[in-house]
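K.L.:
the sequence isn't on hand, but the structure is:
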């Protein structure tokens, strides 16, 4: 049995984390802030620390650095949790973004206790340089982090509790109750996606997103992405249209994945009865052109001019999106030095084109 120190200022979330840890067969030690956690760790060094970041008295990053500075505590694995993306999070053994998935949380506990890990940040988002931040930029970033914490912390608690409930109901065989719990989880995931999109849009508008590009052939990346969508949507026919020749360029894989996932998700939603989506790759002078095409309902001409603006949707159904996905996708394309455009006709479908510089 291992001793796991859990540090979280939200009581409900602290208790559900402790319940999960104890269900895994470990002993949970609870702390409500970073200063209390450091005192407990000095008194009884744990085998693992799981800590939120935004807390009173001492943040999660401050706790991590204080422990790393003390010889008796320096080698204790540290899992950092946060709805924001704190600078320096790669110093932790693992980073989990809130709201935390139950299975992901359990796996992080198992992995951290087995061996010490390198940084396992789940996001490709870069850190803005502190030396170049203006005062207004710092306020903007602090506000975004506050919003992330205040919204995603209770959401994380609700989601974890719903997952624990669903697991118990499935063991009992309560089908109706299980369906209800699963429906709650789906709505919580929608809320989480909306919050993430709002934060992404804010960071992009404020110039707070920094790319982490790699120079490589994009074709294998597209093949892998399309295979994921074939497994996710087996009733849809996904086609890859490419010549097979290497197309090498500099791009941030996680951010381009975000762009294309948005385009493919929209194509699946609006593809109509044909249930067919095409992902294509071609080369024009100085550019790689990636297109996503469907043969569905299409977009009215009156909507095309504003389709990449914030809070714009091609229809009035809020269940189909929140109107930020295409704005974020277009801004990420611009950040790469490229562009995002669309051609569409009602009843004939839509084709979105992502253009990225080859930079040979």
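P.N.:
Sure thing, it's come through. Quantities reported herein were computed from a predicted structural model and do not represent experimental measurements. Residues are numbered from 1 along each chain as shown.
K.L.:
need the pLDDT of the residue lying closest to residue 284 once chain neighbours are set aside.
P.N.:
Spatial nearest neighbour of residue 284, excluding adjacent residues (C-beta to C-beta, 6 or more residues apart in numbering): residue 355 at 7.8 Å. The C-beta positions use only the backbone N, C-alpha and C, and glycine is treated the same way. pLDDT for residue 355: 94.
K.L.:
and what of residue 314?
P.N.:
Note for residue 314: predicted pLDDT of 52.
K.L.:
one more: residue 136?
P.N.:
So residue 136 comes in at 48 (pLDDT).
K.L.:
contact partners for the residue nearest to residue 284?
P.N.:
Going by C-beta atoms under 8 Å, 6 or more residues apart in numbering, residue 355 touches 284, 287-290, 333, 338-341.
K.L.:
in a markdown table: these, plus neighbour count.
P.N.:
Output for the contacts of residue 355, formatted as a markdown table (neighbours: other C-beta atoms under 10 Å):
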| residue | neighbour count |
| --- | --- |
| 284 | 9 |
| 287 | 19 |
| 288 | 21 |
| 289 | 16 |
| 290 | 25 |
| 333 | 22 |
| 338 | 22 |
| 339 | 15 |
| 340 | 23 |
| 341 | 16 |
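K.L.:
for the chain, just list every one of the strands.
P.N.:
Along the chain, the stretches classed as strands by DSSP state E are 3-7, 27-31, 48-52, 78-82, 94-97, 214-217, 237-241, 248-251, 276-284, 287-294, 339-345, 349-357.
K.L.:
what is the orientation angle of the first one with strand 27-31?
P.N.:
I take that to be strand 3-7. 30 degrees (axes from the mean of the first three to the mean of the last three C-alpha atoms, to 10 degrees).
K.L.:
run through who's touching strand 3-7.
P.N.:
By C-beta under 8 Å, 6+ apart, the residues outside strand 3-7 that reach it are 14, 17-18, 21, 26-34, 36-37, 40-41, 44, 46-52, 55, 60, 63, 109, 113.
K.L.:
how does it look with 7 Å?
P.N.:
14, 17-18, 21, 26-31, 34, 37, 40-41, 44, 46-52, 55, 60, 63, 109 (C-beta atoms under 7 Å, 6 or more residues apart in numbering).
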